[in-house]
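**Q** Quick one: sequence plus predicted model below, questions after.
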Amino acid sequence: QVQLVESGGGLVQAGGSLRVSCAASGRTFNYAGMGWFRQAPGKEREFVSAISWNGGSTVYADSVKGRFTISRDKAKNTVYLQMNSLKPEDTAVYYCAATAIFSVLRVRVPSTYGYWGQGTQVTVSS
């Protein structure tokens with residue numbers, strides 16, 4: 001069983017920065033990629049970014065490209081999402097997820113991921 005635990009959310013003013021983390025644990029952690037999704041109240045869960053575990057290839061949603069950076073620390077089994085120039089519309093619960101298949105087309109689809117964290121709230125005030 002893989003467990004994913006997010007941390008680092010909080011309240012920040014527009015234009016500020018936050019870094020959220022996702023620590024993976026379990027008996028075996030051998031996933032091809034990790035992704036970040038977010039869900040605002042009354043909206044569907046949307047893709048934010050993904051990274052391949054071994055090669056480090058990255059994918060970003062257009063709405064965050066140039067502002068957010070995804071990275072991973074293989075030794076710590078941890079994925080990070082550095083969020084800069086935050087906007088009020090970035091307010092959401094941010095979830096990390098693990099997938100056994102890293103495909104540029106499929107990483108944007110929530111059903112690709114087999115494991116999910118509990119989420120961490122990010123609130124950006126105007």
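**A** Here it is on my side, so go on. Residues are numbered from 1 along each chain as shown.

**Q** which stretches of the protein form strands?
**A** Secondary structure of the chain, counting by DSSP state E: strands at 2-7, 10-13, 18-26, 33-39, 46-52, 58-60, 68-73, 78-83, 92-99, 115-116, 120-125.

**Q** Mean confidence (pLDDT) on stretch 20-27, please.
**A** The average of the pLDDT scores along stretch 20-27 is 88.

**Q** Please read the previous query as pertaining to stretch 44-55.
**A** pLDDT averaged over stretch 44-55 gives 93.

**Q** ok, residues contacting that stretch?
**A** Identification of contacts with stretch 44-55 by C-beta atoms under 8 Å, 6 or more residues apart in numbering yields 31-39, 57-61, 64, 68, 70-72, 74, 79, 81, 94-95, 99, 102, 107-110. Any C-beta I mention is one placed from the backbone N, CA and C, and that applies to glycine too.

**Q** In that stretch, which residues are buried?
**A** For stretch 44-55, burial by neighbour count (16 or more other C-beta atoms under 10 Å) applies to 45, 47-53.

**Q** Read off the pLDDT value for the residue nearest the centre of the chain.
**A** Among the residues of the chain, the one closest to the centroid is Trp36, at 2.1 Å (C-alpha atoms, centre = their mean). pLDDT for Trp36: 98.

**Q** Excluding chain neighbours, give the residue nearest to it in space.
**A** Excluding its sequence neighbours, the residue lying closest to Trp36 (C-beta to C-beta, 6 or more residues apart in numbering) is Val48, at 4.3 Å.

**Q** Lovely, talk soon.
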